[in-house]
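Asker: Compute the structure for the input listed below.
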Amino acid sequence: MKKRNYIFVAFILICTIAACKSKSSSDNKDEVKSGKTTFTTAVEYNDFIIGQQEKVIKAVLSMSDVMNAEKINNDDLKARYADFGKECKRALDTIKTMDEFNGNKAFRDEAIKLFEFYYEIYQKDYKELVDILVKGEKIADADVARMKEIQESITQRENVRDGAFADAQNKFAAENNMQIVPNDVQKQIDKQNK
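Answerer: The predicted structure follows:
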């Protein structure tokens with residue numbers, strides 16, 4: 001099989017995985033319930049959503065490591081693919097239980113749309129990629145071309161979702177006097193994208 005140096009990045013994430021920190025000590029103390037979690041500050045609310053995103057991204061990065069291996073272990077690939085799906089579904093279900101925070105529901109709603117996108121690409125795009133990769137040495141040029149098409153499609157669609165999510169997060173941060181700061185997971189994604 002040809003060297004697979006064309007293979008993906010997990011989500012070709014341009015996503016803004018960012019934690020927030022407060023600019024002032026007068027954080028909004030409204031309580032918002034999400035399952036068993038209570039949020040007393042906007043920072044906690046933001047960081048909870050971002051924490052869910054980090055878990056999904058770590059699952060896809062783990063799967064991507066297997067996809068990019070010199071020799072793919074099909075059982076490991078299928079297991080990591082399943083883990084990615086479980087994490088997407090769990091995170092989506094969790095975010096859907098969240099209330100708005102301090103009158104802002106756009107951030108949560110954009111997070112839901114982003115997690116729905118993650119679950120959709122798990123079910124369709126990544127399933128097709130895994131189905132191709134398990135062919136091993138039988139991967140044909142047409143398969144390679146299809147994988148590139150899938151990757152480009154994911155990237156294009158994700159750019160839209162990530163942009164909307166980042167805009168909603170920035171607005172939420174501004175409304176709550178918070179500053180967005182990059183986190184370590186974004187650095188890991190950037191490294192994988194090189």
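Asker: Please identify the buried residues of stretch 43-55?
Answerer: Buried residues in stretch 43-55, defined by neighbour count with 16 or more other C-beta atoms under 10 Å: Val43, Glu44, Tyr45, Asn46, Asp47, Phe48, Ile49, Ile50, Gly51, Gln52, Gln53, Glu54. All C-beta atoms are positioned from the backbone trio N, CA, C, and that covers glycine.
Asker: Out of these, the closest to Tyr118 would be?
Answerer: Set against Tyr118, the nearest of the buried residues of stretch 43-55 by C-beta to C-beta is Gln53 (8.5 Å).
Asker: Redo the buried residues of stretch 43-55 as CSV? Include pLDDT, secondary structure and distance to Arg108.
Answerer: What follows is those, written out as CSV (pLDDT from 0 to 100; DSSP: H, G, I helix; E, B strand; the rest coil; distance: C-beta to C-beta, whole Å):
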residue, pLDDT, secondary structure, distance to Arg108
Val43, 93, helix, 15
Glu44, 93, helix, 13
Tyr45, 95, helix, 8
Asn46, 94, helix, 10
Asp47, 92, helix, 14
Phe48, 94, helix, 10
Ile49, 94, helix, 7
Ile50, 93, helix, 12
Gly51, 92, helix, 14
Gln52, 94, helix, 11
Gln53, 93, helix, 13
Glu54, 91, helix, 17
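Asker: Show the average pLDDT along the longest helix seen in the chain.
Answerer: Secondary structure of the chain per DSSP state H: the longest helix is helix 141-175. Per-residue pLDDT over helix 141-175 has a mean of 94.
Asker: and the very next helix or strand once past that helix, what does it pack onto?
Answerer: Counting by DSSP states H and E, the next helix or strand C-terminal to helix 141-175 is strand 178-182. Using 3 or more C-beta pairs under 8 Å, 6 or more residues apart in numbering; DSSP states H and E, the elements in contact with strand 178-182 are strand 18-22, helix 42-67, helix 141-175.
Asker: Can you mark which positions in the last one are buried?
Answerer: Within helix 141-175, the residues scored as buried using 16+ other C-beta under 10 Å are 143-144, 147, 150-151, 154-155, 158, 161-162, 164-166, 168-169, 172-173, 175.
Asker: could you give the angle of it to helix 42-67?
Answerer: 170 degrees (axes from the mean of the first three to the mean of the last three C-alpha atoms, to 10 degrees).
Asker: which helices and strands does helix 141-175 pack with?
Answerer: Secondary-structure packing of helix 141-175 (3+ C-beta pairs under 8 Å, 6+ apart): helix 42-67, helix 106-121, helix 127-133, strand 178-182.
Asker: make it 6 Å
Answerer: On a contact count with 3 or more C-beta pairs under 6 Å, 6 or more residues apart in numbering; DSSP states H and E, helix 141-175 meets helix 106-121, helix 127-133.
Asker: can you give me the angle it makes with helix 106-121?
Answerer: What separates the directions of helix 141-175 and helix 106-121 is an angle of 170 degrees, with the same axes, to 10 degrees.
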